[in-house]
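1. Sharing a model that was predicted from the sequence below.
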Amino acid sequence: MLKLNTTIDNVRIYRSGAEICRTGQIELSEGPNILYVYGLSPSARLNTVRLYSDSGVSCSNQRFLQVSEAEKQSESRAITDRIAEIKKQIELRELQAGLWTTNGDFTNRVSQPVSDIQEYIELLPQRLEKLNSEILQFNKEIEKLQEELDEATKKEAGSVLIADIHSPKSGPAVFEIRYFEECARWLPVYELHTDAKTDMALKLRAKILQQTGEDWNDVAIRLYTGNPTSGGMLPELSPVYLNIQQPVAARNANIFGGGAPMMAMASAAKMSTMSFDLDEAQIEMEEAEVSSEETMTEYSLPGRKTVINGAEGTMADLQSSSLPASYTISTAPCLDPSAYLIATVKSSDVPFTSSISTAVYLNDVFNGNVVINPDLTKEEIRITLGKEERVHVSRKELAQKSSRTLLKAQKVLEHNYETRITNLSGSSVDVEWKDRIPVSQDKEITVDTLNLSGASLDAETGILTKTVTIPSGETSTILLSYKITWPKDKNLRETVKRAGTKRCPSCGAEVTGRFCPECGSIVN
C-alpha cells in the first residue's frame, strides 16, 4: 500500500464553488500498486474526483474510504504522544530550575563551606540559563508539532481516494487529483477612482472567499464569471396573443383580465433586457489575464496567491478601464441643502448594463458608495461622487402672499424662495442649481412665474436649472417666485411624481415601464 500526500497547486474559482487541483509525487514499483491518496477536504464532492498521472501509468477502480481508526492512531496519536512527552520534559526542567533557585539561599546554612557557596552562586546563572534555553526549544518544537497535528486532523476528517495503479517501470511518478468544492466563491468589487479633473478609472476587483478547512498556500488562481453548466433545461416559449381591449373602468381592469396580457408582455420585455455585468464587460486588462470562453469570462491572476481559510476575503485586482467624464457641482436645495460633485459620462462608455454598487475614491480617499444605473435610453448618465463640503447652500421660503380675485371668484397664492450658495474653496467654482415649480394638469389651475433669476424652465416637468459662477469666499443669491391661481371654492391637490415614473394617459395610474399596470395601455 502506497500513501500519497497531496498539496493544492492551482484552483479554478467560479461565482459559486471551485475546482481544486492537488499534486503529489511518490515512488512506484513496476507493475500493479494500490495507491492511497490523502488531502481531500471534508466538503469535496466525491463524484467529481478525478485522478491523473504521468504517461504510461494507468489508474483504475477508484473508491473512497474514511480514514480508519488505526491510521488515525498512527498519525495524529503519535504526534499527540510526542507533544505530551515534551511537556513532561518542560515540567522537569521547570522543577529543576525551581530547586536550583531555592537551594541558592544559604541564609540558614552557616556550616556550609564558603568555597562551596561561592562556586554554587557562580554556576547558578549558567545552570538556569541552560534550563530556560531548553524549555524555549521544547516550546518551539510543540508549536511545530501542533501544526503537524492540525494537518493530520484535517486529513483524518476527509475521505481517502484508493486507486489501483499499474506502472510500466519503477521510479517516481507525479499524480494530480481534481475535484469540485462548494465551500469557495468570489464576488466582484467595483471601485471608481477620480481626481474630479481628468478621466475616471473604473476598477474591477475580486473578493475571494473559501472555507474548505485548509489554507491555500502559494497556489495559481483562475476566476470565472459563471458556474459550471450542469443540469437545467431550455425553457419552451408559449405564444402571446394581442386583442383590442374593451373599455373598462381602471379599477376593474384586472378583475376582468383586460390588463393581464399586457402585463405579461411588459414582464417579458423587462426580462429580455436583463444581463450580467461581468459577461458584458469590455474593459482593458490591468493585472489579470483575461480570456473569453463560450459561456463565461476567465481571469488568470498573475503569480501565485495565498487564500486563508475562513478569512473575510482575499482581494485581487482584475481590470481597470478609463471612463471619460465631465464634472459639475450641483445642488437641489428644495430637497437637500447640500452640494454634490457630479460626474457625467456617456452611457455607451459604461462597461456593464445592470446596476452595480461602486466604492468611490476621490483623490485616493474613500468617499462612500454609489449605485451606477446605466440607462441605454439616455445618451448620458450622471454619477454622484459625494458631497462637496466646500460649497455651502441654504434655502428659505419668504412670506407667502395669499389673495382673492372677487370678480373672477379665484384664489391666488404667491410663493417666494431665496437660495444662498457660498463658495468656501480657494478658487472660483461653477455650481449647477436646480429647483422646481408645480405644473398644472387642470385647465382651472394656472401657474405664473414671477422671478426665475434667469434659470431655464422645463415646462413639462417644472424643473429649473441655472449655473452660477461664484468667486472664492463669495455668496450668490438666487430668488424664485411664482403664483398659483385656482377657483376659490375648490381645493388644490399636490402630487409629487417620483423619478423614473410616468402617468397613464388613459386612467392616470402611475407607470414605471411601457405598459400601464391598471388598464394595460401603452405609455410612451
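-> Everything's here; your move.
2. beta partners of the most centrally placed residue in the chain?
-> For the chain, the residue nearest the mean C-alpha position is residue 189 (4.3 Å; Cα atoms, centre = their mean). Beta bridges link residue 189 to residue 205 when assigned by DSSP bridges.
3. What does the pLDDT read for it?
-> Per-residue confidence (pLDDT) for residue 189: 92.
4. Surely it touches residue 206?
-> Yes. Assessed by Cβ atoms under 8 Å, residue 189 is found in contact with residue 206 at 6.9 Å. C-betas here are computed from N, CA, C, even on glycine.
5. list residues touching both of those two?
-> Common neighbours of residue 189 and residue 206, counting by Cβ atoms under 8 Å, 6 or more residues apart in numbering, are residue 315.
6. hmm, back to that, list the contacts of the residue nearest to the centre of the chain.
-> Counting by Cβ under 8 Å, 6+ apart, residue 189 has contacts 204, 205, 206, 207, 315, 359.
7. For those, pick the one with the most neighbours.
-> Neighbours here mean other Cβ atoms under 10 Å. Within the contacts of residue 189, the largest count is held by residue 204, at 23 neighbours.
8. ok, residue 323 to residue 305 distance?
-> Distance of residue 323 to residue 305, given as Cβ to Cβ, to the nearest Å: 28 Å.
9. more neighbours, the two?
-> Under the neighbour definition other Cβ under 10 Å, residue 323 and residue 305 were set side by side, and residue 323 has more, 21 against 16.
10. In this structure residue 415 contacts residue 482, no?
-> Yes. With contact defined as Cβ under 8 Å, residue 415 counts as touching residue 482 (5.8 Å).
11. What strand or helix carries residue 386?
-> Residue 386 belongs to strand 380-387 when assigned by DSSP states H and E.
12. Which elements pack onto that strand?
-> If contacts are counted by 3 or more Cβ pairs under 8 Å, 6 or more residues apart in numbering; DSSP states H and E, strand 380-387 sits against strand 184-194, strand 336-346, strand 356-362, strand 365-372.
13. Pull the most distant pair out of the contacts of residue 189.
-> Farthest pair in those (Cβ to Cβ) is 206 and 359. Separation: 14.1 Å.
14. any chance you could map the helices in the chain?
-> 69-72, 78-103, 114-157, 260-272, 277-280 (DSSP state H).
15. Return the most buried member of the ones you listed.
-> helix 277-280 (a mean of 17; mean count of other Cβ atoms under 10 Å).
16. now that one: mean pLDDT?
-> For helix 277-280, the per-residue pLDDT averages 32.
17. mind showing which ranges of the stretch 51-200 of the chain have poor pLDDT?
-> 66-75, 104-112, 152-158 (pLDDT under 70).
18. would you list every one of the strands in the stretch 201-350 of the chain?
-> Assigned by DSSP state E, counting those that start in this stretch, the stretch 201-350 of the chain shows strands spanning 216-224, 289-292, 297-300, 305-307, 314-323, 326-332, 336-346.
19. Residue 132 contacts residue 100, correct?
-> No. Using Cβ under 8 Å, residue 132 is not in contact with residue 100; the gap is 11.1 Å.
20. Strands along the stretch 401-524 of the chain, start to end?
-> So, for the stretch 401-524 of the chain - with DSSP E, counting those that start in this stretch - the strands run 401-405, 410-423, 429-436, 446-451, 456-457, 463-470, 475-487, 502-503, 510-511.
21. For residue 165, which of those strands is the nearest?
-> Using Cβ to Cβ, the strands of the stretch 401-524 of the chain put strand 510-511 closest to residue 165, at 68.7 Å.
22. any idea of the mean pLDDT in the closest one?
-> On average, strand 510-511 scores 68.
23. Kindly report the same for stretch 474-483.
-> 95.
24. swap in stretch 486-504?
-> Per-residue scores along stretch 486-504 average to 75.
25. Tell me the span between the first and last residue of that stretch.
-> Counting by Cα to Cα, to the nearest Å, you get 24 Å between the two ends of stretch 486-504.
26. and residue 199, which of the strands of the stretch 201-350 of the chain is closest to it?
-> strand 314-323 (4.8 Å).
27. elements contacting that closest one?
-> By 3+ Cβ pairs under 8 Å, 6+ apart, strand 314-323 packs against strand 200-210, strand 216-224, strand 305-307.
28. List the buried residues of that strand.
-> Within strand 314-323, the residues scored as buried using 16 or more other Cβ atoms under 10 Å are 314, 316, 317, 318, 319, 320, 321, 323.
29. How is this structure divided into domains?
-> 2-67+158-181, 85-156, 184-225+276-387, 391-493 (automatic domain parsing).
30. Reformat these as TSV; add distance to residue 522.
-> Formatted as TSV, the domains of the chain follow (distance: least, Cβ to Cβ, whole Å):
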stretch	distance to residue 522
domain 2-67+158-181	37
domain 85-156	62
domain 184-225+276-387	16
domain 391-493	19
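31. Could you give the number of residues near the closest residue to residue 195 other than its chain neighbours?
-> In space, and not counting its chain neighbours, residue 195 is closest to residue 363: 5.5 Å by Cβ to Cβ, 6 or more residues apart in numbering. Residues near residue 363, counting by other Cβ under 10 Å, number 10.
32. how about residue 363, phi and psi?
-> The phi and psi values for residue 363, taken as degrees, to the nearest 10, are phi 50, psi 40.
33. returning to what we had before: could you dump the helices of the chain into JSON lines with distance to residue 344 added?
-> As requested, these are exported to JSON lines (distance: least, Cβ to Cβ, whole Å):
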{"stretch": "helix 69-72", "distance to residue 344": "65"}
{"stretch": "helix 78-103", "distance to residue 344": "64"}
{"stretch": "helix 114-157", "distance to residue 344": "54"}
{"stretch": "helix 260-272", "distance to residue 344": "27"}
{"stretch": "helix 277-280", "distance to residue 344": "21"}
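34. Which of those helices sits closest to residue 42?
-> Among these, helix 114-157 sits nearest to residue 42 (Cβ to Cβ), with 4.9 Å.
35. what bridges to residue 416?
-> Residues in beta-bridge contact with residue 416 (DSSP bridges): residue 481.
36. okay, now it: neighbour count?
-> 17.
37. Contacts only, for it.
-> Per Cβ under 8 Å, 6+ apart, neighbours of residue 416: 397, 398, 399, 400, 401, 479, 480, 481.
38. wait, which of these is closest to residue 166?
-> residue 480 (89.6 Å).
39. Leaving out sequence neighbours, find the closest residue to that closest one.
-> The nearest residue in space to residue 480 (Cβ to Cβ, 6+ apart) is residue 417, at 4.4 Å.
40. Count the neighbours of the one you found for me.
-> The burial count for residue 417: 18, using other Cβ under 10 Å.
41. pretty sure it is touching residue 399, no?
-> No. Counting by Cβ under 8 Å, residue 417 does not reach residue 399; the two are 11.1 Å apart.
42. related to what we said a few turns ago, out of the helices and strands packed on strand 380-387, the one nearest residue 223 is which?
-> strand 184-194 (5.5 Å).
43. Would you confirm that residue 318 contacts residue 206?
-> Yes. Using Cβ under 8 Å, residue 318 is in contact with residue 206, at 5.5 Å.
44. Find residues that contact each of these two.
-> 223, 299.
45. so where is the stretch 301-450 of the chain shaky, pLDDT-wise?
-> Judged by pLDDT under 70, the stretches of the stretch 301-450 of the chain that qualify are 404-407.
46. rewinding a little: let me know which of the helices and strands packed on strand 314-323 is tucked in deepest.
-> strand 200-210 (a mean of 21).
47. Centre of the chain to that one, how far?
-> In terms of Cα atoms, centre = their mean, to the nearest Å, the centre of strand 200-210 is set 8 Å apart from its chain centre.
48. and the angle from it to strand 336-346?
-> Relative orientation of strand 200-210 versus strand 336-346 (axes from the mean of the first three to the mean of the last three Cα atoms, to 10 degrees): 90 degrees.
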